[in-house]
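# structure for the following, please:
(chains A, B, C and D)
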Protein chains: 2
Amino acid sequence: MQTRTPTIHTEAPDTSGFIPRSNSLAGSVYEAIFAQLMALKIPPGARINVDHLVRELNVSQTPIREALGRLEGEGLVVKTHLIGYSAAPQIARRRFDELYQLRLLLEPDSAARAALSMDDEKLATLREAAGVMGRRDGTDERLRYSTFARQDAMFHDCILAYAGNELIRETLNHQHTHFHIFRLMFHSRVTEEALDEHEALLTAFAAGDASAAEKAMRVHLEHSRDRLLPAFD
Amino acid sequence: MQTRTPTIHTEAPDTSGFIPRSNSLAGSVYEAIFAQLMALKIPPGARINVDHLVRELNVSQTPIREALGRLEGEGLVVKTHLIGYSAAPQIARRRFDELYQLRLLLEPDSAARAALSMDDEKLATLREAAGVMGRRDGTDERLRYSTFARQDAMFHDCILAYAGNELIRETLNHQHTHFHIFRLMFHSRVTEEALDEHEALLTAFAAGDASAAEKAMRVHLEHSRDRLLPAFD
DNA sequence: CAATACCATATCCTATAGGATTTTATTCGG
DNA sequence: CCGAATAAAATCCTATAGGATATGGTATTG
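Below you'll find the predicted structure:
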């Protein structure tokens, strides 16, 4: 039949010179739902109706179920038999503490390793990501936070990349997905402190000082945690 | 129509007093494929034919695709558009190193925390899991390894449970899945050393000595890594 | 003999239809 | 007025069918 006209061709531009395998419908659906989760269009805990998605994305049920299964495997979605899918529940206080405990075990060490392998090019990239130049005021609060969140995530991810352990990087990025949703829910205000802490890290990196980088990262994470903690009141 | 008779009723006994929602077909299929992966019935890198599974499990394609999607989200299965699904490739040397680096960052700390919250009951459970009594010889090599692998996994998981951080526990268990497959591929022989190292940990736990437990775990992991390293030659 | 083109098969991908179960709304009785 | 039972609707779950694409073998040609 094939009378329908899928409206969600994401079609990644495949920069890395591979065979341009056009992505499957299931893959496109996955990205679409993922985006909705990240943008809080589907809030935490809300039910996800398959039929609605059928009409909205103009695609049949099968690829949607496949995509939802994948999201379930990643922990972003929960399935209950004969009830259906729903977005993963809001992060709880306990999980929040556990996450920062995990970050404190992994990221300071990664900062130290990154410091040891630092060079001018990497440093420049980090400076860019740190958003030192992003201190402009006057923009509205929402855009301001959105910019900061992206920069902060990029900054930390760069450090993990330079540390050289892809497994740790993937692990933390995975958790960051949940974390991002949490932060969005609370519209946590951006403080200038975070940027100062980033600069402290940059200074350590510039000097190639591993132990200083480790310590700076530890301080940064602890402050970050304390800044977000009031959200649970 | 429903003329078929599914042959894979796993039907978990739901010990934890919840509503006895009989698990969905997709869930049963997931468990069946998962078991085949863990038992190396589907070796790493091998292609996974959906039609074969249809005939083998006597179930239609849809729940199979949903289950495969979930396995993909967990990283145990890889999908290539218009090619199909295949089991995740064998763990590479690099990933092996990264895994032990991750474990060395997380598990010693967990051992220390577990030591602090130790009591008689937990200690008894750990002794049980440590397999101190499992030193019997005479059994065949294969069963012997299988027993050890299960005990070792249980032992480490118990420690993580007592450490109190569920997120870390989940993270490591997730990785352990891949690791298990790796170990099975190489039929790595069980040495008595591992059991000695477990006993050293138990001693530290019995004394409630956090730093001793941390150190013992670090030593155990490093030795474990070195014992498996020859597999890459 | 080697390389290329072509065709048949296998496999994947998507769409549609129908049965099973839960949820919700309505009605009746206390 | 409240609670329980019943009926209807919504939703999920599974099965089947057909189109699209890749793979592998065979024949043909240089």
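# okay, now A:His220: neighbour count?
By other C-beta atoms under 10 Å in any protein chain shown, the residues close to A:His220 number 24. The C-beta positions use only the backbone N, C-alpha and C, and glycine is treated the same way.
# for it, what are its contacts?
A:194, A:197-198, A:200-201 (C-beta atoms under 8 Å, 6 or more residues apart in numbering or on different chains).
# so of these, which ones are in strands?
Secondary structure from DSSP state E places none of the contacts of A:His220 in strands.
# pull up the gap between the nearest residue to A:Ser224 once chain neighbours are set aside and A:Asp226, please.
Of all residues not flanking A:Ser224 in the chain, A:Ala194 sits nearest, at 6.8 Å (C-beta to C-beta, 6 or more residues apart in numbering or on different chains). Note on A:Ala194: its distance to A:Asp226, by C-beta to C-beta, to the nearest Å, is 12 Å.
# can you list contacts of stretch A:91-104?
Residues outside stretch A:91-104 that contact it (C-beta under 8 Å, 6+ apart): A:44, A:172, A:175, A:178-179, A:181-182, A:218, A:221-222, A:224-225, A:228, A:232, B:106, B:165-168, B:171.
# equivalent analysis for stretch A:191-207, please.
A:111, A:114-115, A:118, A:123, A:126-127, A:130-132, A:134-135, A:148, A:152, A:155, A:159, A:212-213, A:215-217, A:219-220, A:223-224, A:227.
# the closest residue to chain B within chain A: neighbour count?
At 2.3 Å from chain B, A:Gly73 is the closest residue in chain A, using C-beta to the nearest C-beta. Neighbours of A:Gly73 under the rule other C-beta under 10 Å: 21.
# next: the one 5 residues further on.
By the measure other C-beta under 10 Å, the count of residues near A:Val78 is 17.
# got it, and A:Arg113?
Count around A:Arg113 with other C-beta under 10 Å applied: 21.
# so what's it up against?
So A:Arg113 contacts A:162-165, A:210 (C-beta under 8 Å, 6+ apart).
# quick one: residues contacting A:Glu74.
By C-beta under 8 Å, 6+ apart, the contact set of A:Glu74 is A:174, A:177, B:73-74.
# if you set the cut-off to 10 Å instead, what comes out?
A:30, A:34, A:88, A:174, A:177-178, B:70, B:72-75 (C-beta atoms under 10 Å, 6 or more residues apart in numbering or on different chains).
# same question for A:Leu68.
For A:Leu68, the contacting residues are A:26, A:29-30, A:33, A:48, A:50, A:53, A:61, A:76-77, A:79, A:84-85, B:66, B:69-70, B:73, by C-beta under 10 Å, 6+ apart.
# looking at the residues you listed, which are in helices?
Within the contacts of A:Leu68, residues falling in helices by DSSP state H are A:26, A:29-30, A:33, A:50, A:53, A:61, B:66, B:69-70, B:73.
# chain A: strands as residue ranges?
For chain A, the strands defined by DSSP E cover A:47-48, A:77-80, A:84-87.
# mind giving me JSON lines with these and columns for mean pLDDT?
Shown next, in JSON lines, are those (pLDDT from 0 to 100):
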{"stretch": "strand A:47-48", "mean pLDDT": "90"}
{"stretch": "strand A:77-80", "mean pLDDT": "89"}
{"stretch": "strand A:84-87", "mean pLDDT": "89"}
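# dump the ones you listed to a markdown table, plus distance to chain B.
Shown next, in a markdown table, are these (distance: least, C-beta to the nearest C-beta, whole Å):
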| stretch | distance to chain B |
| --- | --- |
| strand A:47-48 | 14 |
| strand A:77-80 | 7 |
| strand A:84-87 | 11 |
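# right, and those - which one's nearest DNA strand D?
Set against DNA strand D and scored by C-beta to the nearest atom of the strand, those come closest in strand A:84-87, at 3.0 Å.
# buried residues in the closest one?
A:85-87 (16 or more other C-beta atoms under 10 Å in any protein chain shown).
# can you check stretch A:215-222 too?
So for stretch A:215-222, counting by 16+ other C-beta under 10 Å, buried means A:215-218, A:220-221.
# and stretch A:62-75, by the same measure?
A:63-75.
# just give the number of residues close to A:Leu160.
Using other C-beta under 10 Å, A:Leu160 has 23 other residues around it.
# contacting residues around it?
Contacts of A:Leu160 (C-beta under 10 Å, 6+ apart): A:106-107, A:110-111, A:113-114, A:166, A:168-173.
# ok, back up a step: including distance to A:Leu40, could the contacts of A:Glu74 go into a markdown table?
As requested, these are exported to a markdown table (distance: C-beta to C-beta, whole Å):
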| residue | distance to A:Leu40 |
| --- | --- |
| A:Tyr30 | 18 |
| A:Phe34 | 12 |
| A:Ala88 | 13 |
| A:His174 | 19 |
| A:Thr177 | 13 |
| A:His178 | 13 |
| B:Arg70 | 24 |
| B:Glu72 | 25 |
| B:Gly73 | 21 |
| B:Glu74 | 25 |
| B:Gly75 | 26 |
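# which two among these are spaced furthest apart?
Using C-beta to C-beta, the contacts of A:Glu74 span at most 18.9 Å, a distance reached by A:His178 and B:Glu72.
# and A:Ala88, its phi and psi?
Backbone torsions of A:Ala88, given as degrees, to the nearest 10, read phi -60, psi 140.
# from A:Phe182, how far out is it?
When distance is defined by C-beta to C-beta, A:Ala88 is 11 Å away from A:Phe182.
# what touches both of the two?
The contact sets of A:Ala88 and A:Phe182 overlap at A:Pro44 (C-beta under 10 Å, 6+ apart).
# ok, which of the contacts of A:Arg113 also contact chain B?
Within the set of the contacts of A:Arg113, contact with chain B (C-beta under 10 Å from any C-beta of the partner chain) is found for A:163-165.
# just the buried subset of the residues you listed, please.
Of the members of these, the ones counted as buried by neighbours, 16+ other C-beta under 10 Å, are A:163-165.
# which ones among these map onto helices?
Counting by DSSP H, these place A:Ala163 in helices.
# could you provide the buried ones among the ones next to chain B among the contacts of A:Arg113 in JSON lines, with additional columns for pLDDT and distance to DNA strand D?
As requested, those are arranged in JSON lines below (pLDDT from 0 to 100; distance: C-beta to the nearest atom of the strand, whole Å):
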{"residue": "A:Ala163", "pLDDT": "98", "distance to DNA strand D": "36"}
{"residue": "A:Gly164", "pLDDT": "97", "distance to DNA strand D": "33"}
{"residue": "A:Asn165", "pLDDT": "98", "distance to DNA strand D": "32"}
